[in-house]
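Following is a predicted model, sequence given first.
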Amino acid sequence: MAPVTSPVTGRRSALTWLAPLLAIALVVGLWWLATRDTSDAGTDGTQPGARVTATAGPSGTAYPSTGNTPDSGLDTIPESRLPREARATLGLIRAGGPYPYDQDDETFQNREGILPQQKRGYYREYTVETPGSDDRGARRIVRGRAGDTYWTDDHYDSFRQIQEGQ
């Protein structure tokens, strides 16, 4: 005689593998929502990874290279006091690239909350070469759509607003 399986036992065994599967799907879904960047999905007129033309920002708006830009309230640093490599990176930004790293000219999300709060996609980040480093290093320039430009040499732990042209 064959063993009899009750419908309740069958449901319990289905739940034992279905519950962990649903939990994993939920975690993956929440991670995806938290880390996705919706700013490059055409809201500013560009495709992800698109390069901009000389002195134009990702939305086609010209980036001011000198003059009045929004005051962040952060400490400042004159452009002339930046390391040579940072001044070279500023030149690449003003020229619209090309940039040495694939991650350059991508959205900076300001997760640290140090820069002034803006809509997603407002800031773009650029690598500043670090002599002797075998990777991208910790130095970056972050630029806002209004031309506000920031320097970090400690991988986003602190920023100073760059006074361009000074």
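Sure thing, it's come through.

Return the mean pLDDT over stretch 87-94, rounded to an integer.
When pLDDT is averaged along stretch 87-94, the result is 96.

Do me a favour and get the end-to-end distance for stretch 72-82?
Stretch 72-82 has its terminal residues 18 Å apart, counting by CA to CA, to the nearest Å.

List the buried residues of it.
72, 74, 77, 79, 82 (16 or more other CB atoms under 10 Å). Just so you know, the C-beta spots here come from the backbone N, C-alpha and C atoms, and that holds for glycine as well.

Now distance to residue 151 and pLDDT too, for the residues you listed, in JSON lines please.
Converted to JSON lines, the buried residues of stretch 72-82 look like this (distance: CB to CB, whole Å; pLDDT from 0 to 100):
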{"residue": "72", "distance to residue 151": "12", "pLDDT": "84"}
{"residue": "74", "distance to residue 151": "10", "pLDDT": "93"}
{"residue": "77", "distance to residue 151": "6", "pLDDT": "96"}
{"residue": "79", "distance to residue 151": "9", "pLDDT": "97"}
{"residue": "82", "distance to residue 151": "6", "pLDDT": "98"}
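
Closest one of those residues to residue 164?
Nearest to residue 164 out of the buried residues of stretch 72-82 is residue 79 (CB to CB; 5.1 Å).

ok, that closest one touching residue 91?
No. Using CB atoms under 8 Å, residue 79 makes no contact with residue 91, being 10.6 Å away.

so of the buried residues of stretch 72-82, which ones are in strands?
residue 77 (DSSP state E).

Which members of the buried residues of stretch 72-82 are the farthest-apart pair?
The span of those, defined through CB to CB, is set by 72 and 82 at 16.5 Å.

Just give me the neighbour total for residue 143.
Counted with other CB atoms under 10 Å, the neighbours of residue 143 add up to 24.

just checking, what packs against the helix or strand hosting it?
Per DSSP states H and E: residue 143 is located in strand 140-144. Contacts defined by 3 or more CB pairs under 8 Å, 6 or more residues apart in numbering; DSSP states H and E place strand 140-144 against helix 84-95, strand 123-127, strand 149-152.

So which of those is the most surrounded?
Stretch with highest mean neighbour count among the helices and strands packed on strand 140-144: strand 149-152 (a mean of 24; mean count of other CB atoms under 10 Å).
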